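> just to be clear, the model below is a prediction. Sequence and coordinates:
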Amino acid sequence: MPVLSLQNLRKSYRSPAGESTMVVNVGALTLAAGQQLALRGVSGSGKTTFLNLIAGILRADSGSVVIADTDMMALSESQRDRLRASSIGYVFQTFNLLQGYTALDNVKLGMAFGPGGADRARAQALLERVGLGDRLHYRPRQLSTGQQQRVAVARALANRPKLVLADEPTGNLDPRTAGEVLRLIRDVCAENDAALLLVSHDDDVLAQFDHVQDFGALNGAGWEVAL
Ligand SMILES: Nc1ncnc2c1ncn2[C@@H]1O[C@H](COP(=O)(O)OP(=O)(O)OP(=O)(O)O)[C@@H](O)[C@H]1O
């Protein structure tokens, strides 16, 4: 059974002038456990919208998104939130860390709704693995941008999700740290047999993937991807 299976996914936005613009129009995409796919896309091409539809943060106008055996489109918003918390790790472009909490607590909170609940030892081990062993008790505003991004990566991976979505996950890191963080994301996904769907415009990031698709060219034409 695929970890992610979507069909005929469409999403339009209304412009401030009231015109409807279709931003996502994807015919089919299937990812099995352990598969890793990168989508190359320029700014504004709809990549974040696409990931938000898969994560159930946004609701599509039509089409289907199935995570393992659960149809996202059939769920209420709170059910989608629960499914996302238990099965999906999302590394957001803007991190979305909770400002009032330490790095360690941010990772533990990310685990609270997962299958194993909050696990301090695992949270600490992941933060050590992203090079933040000496920043466990720092709050986001006491961390550099790149350090915040690494906390976000640790949080997304903490639950051993079946599906990991990553939106420019290394966009704020220097090339060396970016390479390490990307390696970490890919290794943890491989260890857990998780599927990984990453979007980026960075050629160094894309070069690490065996499977790369051009999102900008293919979205809108109702494209289909099967690895
Ligand atoms: N709530 C909204 N209402 C109207 N238009 C929107 C809305 N959200 C996004 N858009 C438009 O949809 C398009 C795609 O936005 P999206 O954030 O998905 O792009 P992206 O490819 O992730 O870009 P970036 O890499 O710059 O983050 C943009 O042109 C944007 O103006």
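Here it is on my side, so go on. Numbers count the residues shown, from 1 in each chain.

> quick one: secondary structure of T21?
strand (DSSP: H, G, I helix; E, B strand; the rest coil).

> any idea of the pLDDT on it?
As summarised for this prediction, T21 has a pLDDT of 90.

> partner residues bridging it?
For T21, the beta-bridge partners are Y13 (DSSP bridges).

> residue boundaries of the strands in the protein?
Using DSSP state E, the strands found in the chain span residues 4-14, 20-31, 36-40, 62-67, 70-71, 88-91, 163-167, 195-200, 211-214, 223-226.

> around the ligand, pick out the residues from the chain.
Contact residues, the chain versus the ligand (Cβ under 6 Å from any ligand atom): 13, 23, 41, 43-49, 93. C-beta here means a position set from N, CA and C on the backbone, and glycine is covered the same way.

> what mean pLDDT does stretch 36-45 have?
Mean predicted lDDT for stretch 36-45 stands at 90.

> residues of that stretch that come out buried?
In terms of neighbour count (16 or more other Cβ atoms under 10 Å), stretch 36-45 has its buried residues at 36-41, 45.

> CA atoms only for that stretch, dumped as PDB, please.
Output of stretch 36-45 as PDB, limited to C-alpha atoms (Å, rounded to 0.1, in the frame of the first residue of the first chain):
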ATOM      1  CA  GLN A  36      12.400   9.800  -1.800                       C
ATOM      2  CA  LEU A  37      11.300  12.400  -4.400                       C
ATOM      3  CA  ALA A  38      12.400  16.000  -4.900                       C
ATOM      4  CA  LEU A  39      10.400  18.600  -6.700                       C
ATOM      5  CA  ARG A  40      12.200  21.500  -8.300                       C
ATOM      6  CA  GLY A  41      10.200  24.600  -8.400                       C
ATOM      7  CA  VAL A  42      10.700  28.400  -8.600                       C
ATOM      8  CA  SER A  43       9.300  30.800  -6.100                       C
ATOM      9  CA  GLY A  44       5.500  31.300  -6.400                       C
ATOM     10  CA  SER A  45       4.900  28.100  -8.500                       C
END
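
> quick one on the thing from earlier: of the buried residues of stretch 36-45, which is the nearest to P161?
Q36 (13.7 Å; Cβ to Cβ).

> so where's the protein uncertain?
217-218, 220-224, 226 (pLDDT under 70).

> helices along that one, start to end?
Remark: helices assigned in the chain by DSSP state H are 47-55, 77-87, 103-111, 120-129, 145-157, 175-192, 203-206, 215-218.

> and the second one, how far out from the chain's middle?
The gap between where helix 77-87 is centred and where its chain is centred comes out at 14 Å by Cα atoms, centre = their mean, to the nearest Å.

> for N106, give me its contacts.
For N106, the contacting residues are 97-98, 140, 151, 155, by Cβ atoms under 8 Å, 6 or more residues apart in numbering.

> need the max-distance pair from those.
Among these, P140 and R155 lie farthest apart (Cβ to Cβ), at 11.2 Å.

> could you dump the helices of the chain to a markdown table with distance to R135?
Below are those laid out as a markdown table (distance: least, Cβ to Cβ, whole Å):
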| stretch | distance to R135 |
| --- | --- |
| helix 47-55 | 27 |
| helix 77-87 | 24 |
| helix 103-111 | 6 |
| helix 120-129 | 7 |
| helix 145-157 | 6 |
| helix 175-192 | 14 |
| helix 203-206 | 24 |
| helix 215-218 | 34 |
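
> partners of the spatially most central residue of the chain in the sheet?
Residue closest to the average C-alpha location in the chain (Cα atoms, centre = their mean): L165, at 2.1 Å. With DSSP bridges as the criterion, L165 is bridged to Y90, L197.
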